[in-house]
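K.L.:
below is the sequence, then the predicted model.
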Amino acid sequence: MIEEIINLYENLIGALYDWQQNLLVIKIISGVISAWLLFLIIVIAQAFMKLVAPKTEKTAMPEGKIAPDKVTLEWEKIMSNFQKGDENGFKIAIIEADKLLDEVIRVAGFVGQDMGERLQSITPSQMSNINEIWYAHKFRNKIAHEAGFRVTQNDAKIVMDIYEKTLSDLQVI
């Protein structure tokens, strides 16, 4: 009988000891899971804030800053050069269209010393076709800086369509 009590006591102490070791393992696992869940909550909260945060878009010109009629008149002059159908007309039209867009975005409040710097300050959320605008501007730079640079009617049309879409998106033509 005493032996049974001693065995029962040893089993009880052993079980208690095992339970304490298991509790330590449970605490460690709980800590790791809690840290992982906290990280996940932070990531989800940041993603949610990006979705909910208001986007600042510069797709419409500020009121009274630049007269759309003036821009439209200038655009018509540019298009008359383009419609001449010769390479020099294409080059002049592209250079003038780039200059017009530069003036429009400068007046709209985009900062920079020149067109390139102003384009760098524009994000895709402000102008959805910013990569196309960069393409057109670089094309214009080749015309202005590379002697003998050839412009085909197809290339000129692509570039002029980019300028026209941008000015239209900015609601100035």
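P.N.:
Looks like it came in fine. Numbers count the residues shown, from 1 in each chain.
K.L.:
now do the spatially most central residue of the chain, the pLDDT please.
P.N.:
Geometric centre of the chain, nearest residue: Pro124, 3.8 Å, by Cα atoms, centre = their mean. Confidence at Pro124, expressed as pLDDT, is 90.
K.L.:
where's the closest residue to it other than its chain neighbours relative to Gln153, distance?
P.N.:
Counting by Cβ to Cβ, 6 or more residues apart in numbering, Pro124 lies nearest to Ile130, which is 5.4 Å off, once chain neighbours are set aside. Heads up, the C-betas are built off the backbone N, CA and C, glycines and all. Using Cβ to Cβ, to the nearest Å, we find Ile130 at a distance of 26 Å from Gln153.
K.L.:
and for Ile105?
P.N.:
As it turns out, when the distance is counted by Cβ to Cβ, Ile105 lies 27 Å from Gln153.
K.L.:
could you do Tyr135 as well?
P.N.:
Remark: distance between Tyr135 and Gln153 (Cβ to Cβ) = 17 Å.
K.L.:
residues near Glu103, how many?
P.N.:
Residues lying near Glu103 (other Cβ atoms under 10 Å) number 16.
K.L.:
can you map out the strands along the protein?
P.N.:
Read by DSSP state E, the chain holds no strands at all.
K.L.:
got the domain ranges for it?
P.N.:
The record's domain split for the chain, according to automatic domain parsing, is 1-53, 68-169.
K.L.:
which of the ones you listed sits most buried?
P.N.:
The highest mean neighbour count among these belongs to domain 68-169 (a mean of 16), with neighbours defined as mean count of other Cβ atoms under 10 Å.
K.L.:
now do it: distance to the chain's middle.
P.N.:
Put simply, domain 68-169 sits 21 Å off its chain's centre (Cα atoms, centre = their mean, to the nearest Å).
K.L.:
now do the end-to-end distance for it.
P.N.:
The first and final residues of domain 68-169 sit 12 Å from each other (Cα to Cα, to the nearest Å).
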